[in-house]
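S.K.: my questions are about this predicted structure, shown below with the sequence.
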Amino acid sequence: MNILFICKTLPHERVIGGPVIIFNRIRLLSNRHNVSLLCFATEDEERFSGSVSRYCRDFKTVPPPVPSRGIRKAWNFFFSPVPIYFLYGYSLEIYEALRAMLEKNTYDVVISEYSMVAQYLYHNPDLAGIKRIMSVHECYYLARKKAFKVQKFSREGLSALLNLKGLKKFEFDIYADADKLLVLTPEGKRELLDIRPDLDIAVVPHGVDCEYFAACSEPSREQAVMFLGNYPHDPNRDAVVYFVKKIWPEVRKAIPDARFYVVGKDPTSEIRDMAEEDSSIIVTGTVDDVRPYFERSKIFVNPVRIGGGFRGKLLEAMAMGLPIVTTSLGAEGVNAESGRDMIVADEPSDFAAAVVRLLKDRRLSQGLGRRARSLAEDLFSWQRGVDELEKVLIGVVES
């Protein structure tokens with residue numbers, strides 16, 4: 001097959017979060033198919049382009065769009081047929097680059113990774129005769145709705161509320177125009193079908209490299225917990241703030257020397273300020289390799305309250321043999337048993353108690369870590385997920 005991916009950010013071997021799914025899909029599909037990639041990329045990201053372009057027949061990046069401001073932003077909010085949330089990712093350069101790639105090569109199927117770039121497939125006459133698949137890492141309408149429910153009338157909650165304007169109809173009209181939708185979890189599929197039962201959806205799960213993310217020995221671990229994420233993505237920012245404000249004080253009360261590693265890209269000023277006020281919180285920013293932080297931590301915490309999709313960070317922690325404390329939302333897609341494979345806790349007091357117990361109980365901690373590692377090995381290899389994706393692509397193209 002000739003496959004074209006369109007992505008909202010550059011997927012590469014050093015990235016964390018959702019883009020790592022795309023990188024591995026491209027890497028493994030290229031073994032048997034011609035794969036091409038069109039995506040946004042910043043100047044800083046361009047230095048990593050070689051790690052993914054080597055798997056591509058054709059490869060093109062364009063600069064991310066500059067968000068509108070002031071009067072133009074207000075005009076767009078009230079009068080644009082495209083909701084403001086999708087306008088953040090709107091670029092004429094993508095349409096032009098896509099047209100040039102279509103003139104150069106023949107494609108059987110084009111896949112948009114993230115709903116933000118699904119708009120470039122929607123009613124696009126340049127794609128006549130080409131199958132269109134939209135990969136929904138997160139439904140923006142449902143994510144903004146959940147964010148407002150949790151964050152209410154805070155600044156972030158009000159932003160989520162404003163972004164809901166026109167979002168549901170526009171986003172689901174895009175989904176209905178696809179030949180197939182991909183989601184990461186059965187829960188995500190059910191949520192979309194509850195709104196549009198006629199959607200054609202396949203579940204293609206996340207994955208993890210269990211050789212790269214390998215469990216280390218217990219003696220090297222500190223009295224520490226960690227979280228991993230891209231912090232411009234609001235579910236990750238909210239998770240850290242929620243953990244520090246509602247859970248961490250109870251942990252520190254029971255274990256005064258405990259530390260919390262906040263690892264990942266572009267921590268917000270709010271997160272950095274928390275670290276300045278509390279020396280037990282260590283904010284790393286972007287790191288070349290996340291594994292040393294898994295190795296020095298005794299627990300991975302996943303206190304996400306908003307958003308959707310599959311948290312790849314959870315699989316990396318599982319592969320590293322860390323015991324995990326997570327919310328039920330954070331555990332979606334894993335099908336783990338609480339108390340056996342990880343601990344699921346949605347109330348702050350229960351979450352804090354689980355963290356304290358695992359920091360103190362070495363036997364329980366080691367047992368959960370071993371079972372988490374086993375679950376990652378058995379169910380979530382990258383090849384297994386890409387094999388499932390390949391079946392879906394063949395079915396769509398041959399139909």
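M.R.: All right, it came through fine.
S.K.: the lowest-mean-pLDDT helix or strand in the chain - contacts with which helices or strands?
M.R.: Ranking every helix and strand in the chain by mean pLDDT, DSSP states H and E puts helix 70-79 at the bottom, with a mean of 77. Applying 3 or more C-beta pairs under 8 Å, 6 or more residues apart in numbering; DSSP states H and E, one finds that helix 70-79 contacts helix 84-87. In this view, the C-beta of every residue, glycine as well, is placed from N, C-alpha and C.
S.K.: what residues does the helix it packs on touch?
M.R.: The list of residues contacting helix 84-87 from outside it, by C-beta atoms under 8 Å, 6 or more residues apart in numbering, reads 67-68, 73, 76-77, 80, 116, 119, 140, 144, 162-163, 165, 167, 170-171.
S.K.: Gly50: which of the residues you listed is nearest?
M.R.: Nearest to Gly50 among the contacts of helix 84-87: Met116, at 24.6 Å, using C-beta to C-beta.
S.K.: A strand includes that closest one, no?
M.R.: No. Secondary structure assignment (DSSP: H, G, I helix; E, B strand; the rest coil) places Met116 in helix, not in a strand.
S.K.: so where's the stretch 201-350 of the chain uncertain?
M.R.: 217-220, 309 (pLDDT under 70).
S.K.: same thing but at 80, please
M.R.: Residues of the stretch 201-350 of the chain meeting the criterion pLDDT under 80: 215-220, 308-311.
S.K.: strands along that one, start to end?
M.R.: For the stretch 201-350 of the chain, applying DSSP state E, counting those that start in this stretch gives strands covering 201-203, 224-228, 259-263, 281-285, 299-302, 324-326, 343-344.
S.K.: how distant is the fourth one from the center of its chain?
M.R.: This means strand 281-285. 20 Å (C-alpha atoms, centre = their mean, to the nearest Å).
S.K.: packing partners of that strand?
M.R.: Under the contact definition 3+ C-beta pairs under 8 Å, 6+ apart, strand 281-285 sits against strand 259-263, helix 269-277.
S.K.: redo these as JSON lines? Include distance to Arg373.
M.R.: Compiled in JSON lines, the helices and strands packed on strand 281-285 are given as follows (distance: least, C-beta to C-beta, whole Å):
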{"stretch": "strand 259-263", "distance to Arg373": "20"}
{"stretch": "helix 269-277", "distance to Arg373": "29"}
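S.K.: which one of the ones you listed lies nearest to Asp194?
M.R.: Using C-beta to C-beta, the helices and strands packed on strand 281-285 put helix 269-277 closest to Asp194, at 33.3 Å.
S.K.: coming back round to it: looking at the helices and strands packed on strand 281-285, which is buried most?
M.R.: Compared across the helices and strands packed on strand 281-285, strand 259-263 shows the largest average neighbour count, a mean of 23 (mean count of other C-beta atoms under 10 Å).
S.K.: domain ranges for this structure?
M.R.: 2-207+381-398, 218-379 (automatic domain parsing).
S.K.: picking that back up, and which of the contacts of helix 84-87 is nearest to Asn31?
M.R.: Met116 (28.0 Å).
S.K.: distance of the closest one relative to Glu191?
M.R.: 18 Å (C-beta to C-beta, to the nearest Å).
S.K.: who has more neighbours out of those two?
M.R.: Met116 (21 against 18; other C-beta atoms under 10 Å).
S.K.: how close does the residue nearest to Met342 when sequence neighbours are not counted sit to Ser365?
M.R.: Distances taken as C-beta to C-beta, 6 or more residues apart in numbering place Ile324 nearest to Met342, at 3.9 Å, with adjacent residues excluded. Distance of Ile324 to Ser365, given as C-beta to C-beta: 10 Å.
S.K.: quickly list what's touching both of those two.
M.R.: Taking C-beta under 8 Å, 6+ apart as the contact rule, Ile324 and Ser365 both touch Ile299.
S.K.: look at the two and report which has more neighbours.
M.R.: Counting neighbours by other C-beta under 10 Å for Ile324 and for Ser365 shows that Ile324 has the greater number, 25 against 19.
S.K.: that one reaches Arg340, doesn't it?
M.R.: No. Contact criterion C-beta atoms under 8 Å: Ile324 and Arg340 do not qualify, at 11.6 Å.
S.K.: common neighbours of those two, please.
M.R.: Joint contacts of Ile324 and Arg340 (C-beta under 8 Å, 6+ apart) are Leu368.
S.K.: hmm, back to that, buried residues, the least confident helix or strand of the chain. List them.
M.R.: Residues of helix 70-79 classed as buried by neighbour count (16 or more other C-beta atoms under 10 Å): 76-77.
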